[in-house]
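**Student:** Generate a structure from the sequence data that follows.
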Amino acid sequence: MERTQMRRRPLPTITLTPLEETIQRLLLDLKGYIEKREQSDGHTAQEEMVLRFTGGWVRDKLLGAESHDIDVAISTMTGLQFGTYLQEYLDEPDNLEKYVNNKELAFTDEMLKVHTIKANPEKSKHLETVTTRLFGLDIDLVNLRKETYTEHSRNPQVEFGTAEEDALRRDATVNALFYNLNTSMLEDFTGLGLNDMEEKLIRTPLEPYQTFKDDPLRVLRLIRFASRLGYRIDEKTQEAMQDEEIKKAFKVKISKERVGIEVEKTLQGPDPRTGLKYIDDLGLYATIFANQHDDVEAPTTSWSLAYDALDRLISPIFRTDEMQQIKHIKKVLIRDDKNEKFYAWVMAALVPWVTVPARKPGPKKEKPPIIARAAEVARDNLRMENKVVNALKDATDFYRDVSSLKASVIRSDIPGTPAEVRQHVGLQVRAWKKDWRLIVLMALLQEIAAGVESRKVFQEFDTFLSYLEKEDLLEVTELRPIANGKEISAAFGLPNGKWIASALEMLISWQLLHPESIDKDQAMEVLKSPITASGRKNLHPLPQPRFDESLFDPETKPWKHKDVYATTVLEWILAQYTASDTNRLENQFHFYVPPILSLIDDESSSFKYRGCNLLIQFLTPIRATDSDLLKRTNLSSVFDDALTPCLLSLPTITPEDEALHLLGVAYPALLLTLKTHQDDKKAYINRLITLLRDNVISSFHHVSSYSPASANEEISSLASFPYPRLSTFLLDQLTILIQELGIHTTKYLQEVVPVVYSTLSNPFGTAYVPLLLAGIATTHAVILNAHPRIWRYRGDLLAALCQCWTNVSREESSSKDTEQKPQLRQVMQKLQGAVYLLKMSVRGASSTKIGSEVGLDLIEMVDEKDINISDDVKALVDADEQLKELLQIDVDVDLDDNYFFE
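**Tutor:** Residues are numbered from 1 along each chain as shown. So this is what the prediction gives:
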């Protein structure tokens with residue numbers, strides 16, 4: 001009834017342009033030509049041939065938009081047959097002249113090309129279509145069709161159909177309108193198309209569930225049309241889109257290439273945000289941005305914050321200061337370029353996948369190789385171009401570094417002169433490669449998706465980008481060395497080799513430090529110094545003219561290439577020294593220090609490991625006798641300088657196993673060095689603080705999917721751990737440093753607590769129990785050593801402990817793993833111990849004073865009424881009864897050792 005009533009409505013008229021009128025006249029003349037030919041051949045047509053413009057052209061004409069491609073539907077023959085007649089007809093010069101000599105139209109020499117589309121074996125072979133370019137327009141010649149679908153393919157069996165059957169098979173009613181060339185009349189065979197255009201409504205001509213079951217790609221096509229046209233999708237159609245059977249059919253029937261094409265068209269359209277919002281609201285993210293390799297899904301709870309933010313960035317609302325900040329960010333990162341906008345929307349679309357750890361490699365190497373999840377989805381499920389895949393891989397690798405550098409620039413805490421800060425920032429941006437703008441954009445979107453207020457994020461990134469602009473670093477990735485490889489090679493009289501790359505990077509570093517200089521000779525001087533600032537031999541100098549090529553031969557490091565037993569012998573010799581041999585060791589130390597430093601400075605992590613191990617053996621007897629050797633010789637600073645770069649051996653540059661192997665001796669070696677020379681207590685504490693902040697905490701942020709922006713606590717909820725063993729190791733080092741710092745930890749709670757929170761609140765924490773135990777051990781250490789101020793952070797700590805308890809207890813109750821259950825129970829006991837310690841510390845805070853004897857300005861008295869932790873506990877238990885077992889631990893009850901760490 002509805003369709004019938006709508007058909008009776010008066011149909012609007014369509015006014016053709018002169019070019020469209022010419023094409024209509026040509027096609028109708030061709031129709032007459034074909035009919036005469038067939039009559040002369042003795043064929044009598046059973047019905048008159050009707051020609052129609054169909055689909056998007058009709059819709060766009062009604063919307064007042066110009067269209068440069070037209071689908072022409074033929075009622076009585078295939079597109080190939082009609083196209084063959086068209087070619088034959090226009091091969092006669094007199095026929096072509098009738099249409100070319102139109103003074104209103106300007107034609108080029110290349111007037112006509114007819115290309116037959118090869119039949120797809122999976123599609124109908126007997127209904128071929130033709131694509132041609134006619135008078136500057138793309139024309140598709142097709143027959144009216146009827147389609148029949150099978151269960152496992154979206155490619156239907158196609159046969160000749162009527163105009164109504166052809167209209168009903170289309171994806172949307174607004175795309176099912178025809179313009180009859182024979183009558184010059186509009187046709188609406190569904191009875192819904194014109195009404196839906198007036199209502200700005202997207203729906204299927206037939207029942208949506210069956211339409212999508214036949215061809216699930218239409219789900220994505222309708223979303224694209226809705227976002228392109230500014231229409232809304234019909235409620236019943238939306239319900240069908242969310243059906244689980246449709247989602248399953250989508251994964252089974254649709255090729256990855258087709259999904260990628262539709263996604264790209266959506267993101268290149270006028271309103272990508274609407275498309276992403278429909279995908280989000282309809283629960284289609286896991287279907288469209290699918291993971292083909294395992295059961296892991298991306299979290300989309302806060303995804304809308306990201307794509308809404310990008311929409312504001314690309315189409316800013318005019319609002320005073322914030323609008324100016326947004327316009328500036330857009331100008332720098334997106335630059336009003338159509339391609340850049342598309343890549344920006346790809347970043348927004350893949351935001352949920354960026355925080356998901358990459359798959360672990362199997363026993364055999366996979367082809368294509370395992371890469372970051374977001375890049376893997378773009379490559380394997382959407383078949384996107386390499387530029388997109390590489391940009392997503394780099395965005396995943398570096399977005400945390402962007403937030404860290406941005407925060408450092410804003411806080412002005414990068415050490416050095418302004419020129420050195422510029423050099424540091426420039427080298428960082430160069431490390432992000434040529435698509436650094438997309439990486440910065442991803443960092444911005446990740447912070448907003450993590451819950452940081454968008455106004456704050458825009459303000460901070462505007463400040464950061466303004467700094468890059470002021471320091472002329474926006475094009476730093478395009479900076480070229482002041483001298484080329486040939487010039488460097490000639491200057492040192494040596495052939496090209498791998499060392500040239502290092503030399504070029506050194507020149508870039510120098511140029512960033514001296515942006516005003518164009519003196520090539522002055523720049524080359526930086527390559528000539530064989531001595532480092534600390535007075536040690538530079539083991540990586542560039543060759544001097546007086547050196548020969550043998551400098552790079554294995555003979556220069558025989559202990560590495562030839563006499564490989566040398567390090568083993570040295571290790572055995574050092575192992576013989578005891579505390580009683582200290583005097584002898586002091587007399588002979590100058591024999592041991594150079595090889596130890598050579599090993600530590602070697603580019604191979606295995607030799608670095610040996611060097612660190614030898615240093616521990618060397619220092620152990622010295623430390624045991626409180627010898628002042630390091631102080632007298634200043635070797636402490638030399639060892640410190642050598643060991644600190646080892647702490648940067650982190651993924652992705654260093655594989656996790658290799659990093660764990662090296663860091664496992666580098667940290668103990670450095671701590672032993674500092675302890676062996678700690679007469680100056682203040683200097684010792686300051687060095688530990690630097691180690692804690694610049695190495696342990698920053699390394700933890702680097703190896704965890706965590707963005708240490710200025711508001712850590714706001715974004716830590718998205719932390720995940722792609723390298724759980726390494727994160728566990730760093731938490732262990734953090735615990736050791738906290739215990740060494742003691743009460744001085746109090747001043748750095750704002751940096752330590754977010755690390756604890758991100759670890760314990762991680763929803764995937766139970767996948768690697770040692771990480772949780774390490775996080776709880778750090779929590780215990782923090783509470784015990786920073787107890788006077790811990791009350792200020794009780795909310796964060798309680799939230800982390802409660803979240804961890806909820807995750808662990810849920811896993812413990814459902815787990816059937818007999819090995820895992822005791823481990824989870826152990827975690828629960830340690831959590832109870834942490835709550836016990838927290839209660840004790842908070843209740844004791846009201847009577848705590850810390851004097852100036854430890855150099856801390858923490859003298860304060862706290863009113864117990866202001867920190868009544870019992871009220872906090874009661875509120876949490878009232879909100880969630882399962883927290884009762886965790887929180888209602890009586891401080892008057894002695895707990896056994898199972899609840900605490902040694």
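
**Student:** Now do the helices in the stretch 401-550 of the chain.
**Tutor:** Along the stretch 401-550 of the chain, the segments classed as helices by DSSP state H, counting those that start in this stretch run 418-431, 436-449, 454-470, 485-492, 499-513, 520-525.

**Student:** hang on, I meant the stretch 151-300 of the chain
**Tutor:** 163-168, 193-199, 208-214, 217-229, 235-241, 244-253, 256-267, 272-281, 285-288.

**Student:** To Leu444, which of the ones you listed lies closest?
**Tutor:** helix 272-281 (15.9 Å; Cβ to Cβ). Placement of C-beta: from N, CA and C, glycine included.

**Student:** Identify the residues contacting that closest one?
**Tutor:** 223-224, 226-227, 230, 233, 266-267, 269, 284-285, 288-289, 300, 303-304, 307-308, 310-311, 345, 348-349 (Cβ atoms under 8 Å, 6 or more residues apart in numbering).

**Student:** got any ranges where the stretch 501-650 of the chain has weak pLDDT?
**Tutor:** Residue ranges of the stretch 501-650 of the chain with pLDDT under 70: 528-564.

**Student:** tell me the contacts of Asp166?
**Tutor:** Per Cβ under 8 Å, 6+ apart, neighbours of Asp166: 54, 73, 144-146, 189.

**Student:** now Arg623: how far from Glu525?
**Tutor:** Per Cβ to Cβ, to the nearest Å, Arg623 is found 41 Å from Glu525.

**Student:** the more surrounded of those two?
**Tutor:** Neighbour totals were compared for Arg623 and Glu525, and Arg623 leads with 20 against 10 (other Cβ atoms under 10 Å).

**Student:** can you count the residues close to Gln750?
**Tutor:** Residues lying near Gln750 (other Cβ under 10 Å) number 11.

**Student:** and what of Lys367?
**Tutor:** Neighbour tally, Lys367, other Cβ under 10 Å: 5.

**Student:** What are the boundaries of the strands in the protein?
**Tutor:** Counting by DSSP state E, one finds strands in the chain at the ranges 51-54, 69-74, 112-116, 130-134, 137-143, 145-150, 153-160, 178-180, 185-187, 201-202, 232-233.

**Student:** which other helices and strands contact the first one?
**Tutor:** Contacts of strand 51-54 with other secondary structure elements, assessed using 3 or more Cβ pairs under 8 Å, 6 or more residues apart in numbering; DSSP states H and E, are made with helix 18-40, strand 69-74, strand 178-180.

**Student:** Could you dump those into a markdown table and include mean pLDDT and distance to Ile202?
**Tutor:** Converted to a markdown table, the helices and strands packed on strand 51-54 look like this (pLDDT from 0 to 100; distance: least, Cβ to Cβ, whole Å):
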| stretch | mean pLDDT | distance to Ile202 |
| --- | --- | --- |
| helix 18-40 | 91 | 26 |
| strand 69-74 | 94 | 19 |
| strand 178-180 | 97 | 19 |
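
**Student:** what sits against Val769?
**Tutor:** 820, 823-824, 827.

**Student:** Which one (most neighbours) among those residues?
**Tutor:** With neighbours defined as other Cβ under 10 Å, the most crowded of those is Val827; it has 26 neighbours.

**Student:** Quick check: that residue touching Pro770?
**Tutor:** No: judged on Cβ atoms under 8 Å, Val827 makes no contact with Pro770 at a distance of 9.8 Å.

**Student:** Check the helices of the stretch 151-300 of the chain for me and report the most buried one.
**Tutor:** Mean neighbour count (mean count of other Cβ atoms under 10 Å) peaks for helix 217-229 among the helices of the stretch 151-300 of the chain, with a mean of 24.

**Student:** the inter-axis angle of that helix versus helix 244-253?
**Tutor:** Relative orientation of helix 217-229 versus helix 244-253 (axes from the mean of the first three to the mean of the last three Cα atoms, to 10 degrees): 100 degrees.

**Student:** what's the angle from helix 217-229 to helix 256-267?
**Tutor:** Using the same axes, to 10 degrees: helix 217-229 against helix 256-267 is 20 degrees.

**Student:** Please list the residues outside helix 217-229 that contact it.
**Tutor:** With contact meaning Cβ under 8 Å, 6+ apart, helix 217-229 is reached by 63, 154, 171-172, 174-175, 200, 202, 204, 211-212, 231-233, 237, 241, 246, 250, 253-254, 258-259, 262-263, 265-266, 269-275, 278-279, 284, 288.

**Student:** and if we set it to 7 Å?
**Tutor:** By Cβ atoms under 7 Å, 6 or more residues apart in numbering, the residues outside helix 217-229 that reach it are 154, 171-172, 202, 211-212, 231-233, 237, 241, 246, 250, 254, 258-259, 262, 265-266, 269-272, 274-275, 278-279, 288.

**Student:** That helix versus helix 272-281: what angle between them?
**Tutor:** Using the same axes, to 10 degrees, helix 217-229 lies at 140 degrees relative to helix 272-281.

**Student:** May I have helix 217-229 as CSV, with CA atoms only?
**Tutor:** Extracted in CSV, the C-alpha atoms of helix 217-229 (Å, rounded to 0.1, in the frame of the first residue of the first chain):
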residue,chain,number,x,y,z
LEU,A,217,28.8,-5.4,1.6
ARG,A,218,25.6,-3.3,1.3
VAL,A,219,25.8,-2.7,5.0
LEU,A,220,29.0,-0.7,4.4
ARG,A,221,27.7,0.8,1.2
LEU,A,222,24.7,2.2,2.9
ILE,A,223,26.8,3.7,5.7
ARG,A,224,28.9,5.3,3.0
PHE,A,225,25.9,6.8,1.2
ALA,A,226,24.5,8.1,4.5
SER,A,227,27.7,9.9,5.3
ARG,A,228,28.2,11.2,1.8
LEU,A,229,24.6,12.5,1.4
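
**Student:** avg pLDDT for it?
**Tutor:** Confidence for helix 217-229, expressed as mean pLDDT, is 96.

**Student:** Count the residues that sit near Gln268.
**Tutor:** Gln268 has 16 nearby residues by other Cβ under 10 Å.

**Student:** hang on, it packs against Phe342?
**Tutor:** Yes: counting by Cβ atoms under 7 Å, Gln268 does reach Phe342; the two are 5.1 Å apart.

**Student:** Show me the shaky parts of the stretch 151-300 of the chain.
**Tutor:** For the stretch 151-300 of the chain, the ranges with pLDDT under 70 are 151-158.

**Student:** Only the buried residues of stretch 295-308, if you could.
**Tutor:** Using 16 or more other Cβ atoms under 10 Å as the burial criterion, the residues of stretch 295-308 that qualify are 298-300, 302-303, 305-308.

**Student:** how long is it end to end?
**Tutor:** One end of stretch 295-308 to the other measures 28 Å (Cα to Cα, to the nearest Å).

**Student:** Repeat that for stretch 273-287.
**Tutor:** 18 Å.

**Student:** From the chain's centroid, how far away is stretch 791-802?
**Tutor:** Offset of stretch 791-802 from its chain centre (Cα atoms, centre = their mean, to the nearest Å): 30 Å.

**Student:** Only C-alpha atoms, please: export that stretch in PDB.
**Tutor:** Output of stretch 791-802 as PDB, limited to C-alpha atoms (Å, rounded to 0.1, in the frame of the first residue of the first chain):
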ATOM      1  CA  TRP A 791      47.400   9.700  51.900                       C
ATOM      2  CA  ARG A 792      47.200  12.200  49.100                       C
ATOM      3  CA  TYR A 793      47.300   9.300  46.600                       C
ATOM      4  CA  ARG A 794      45.000   6.900  48.400                       C
ATOM      5  CA  GLY A 795      42.200   7.400  45.900                       C
ATOM      6  CA  ASP A 796      44.500   6.300  42.900                       C
ATOM      7  CA  LEU A 797      45.900   3.400  44.900                       C
ATOM      8  CA  LEU A 798      42.600   2.200  46.100                       C
ATOM      9  CA  ALA A 799      41.200   2.400  42.600                       C
ATOM     10  CA  ALA A 800      44.100   0.400  41.200                       C
ATOM     11  CA  LEU A 801      43.900  -2.200  43.900                       C
ATOM     12  CA  CYS A 802      40.200  -2.600  43.500                       C
END
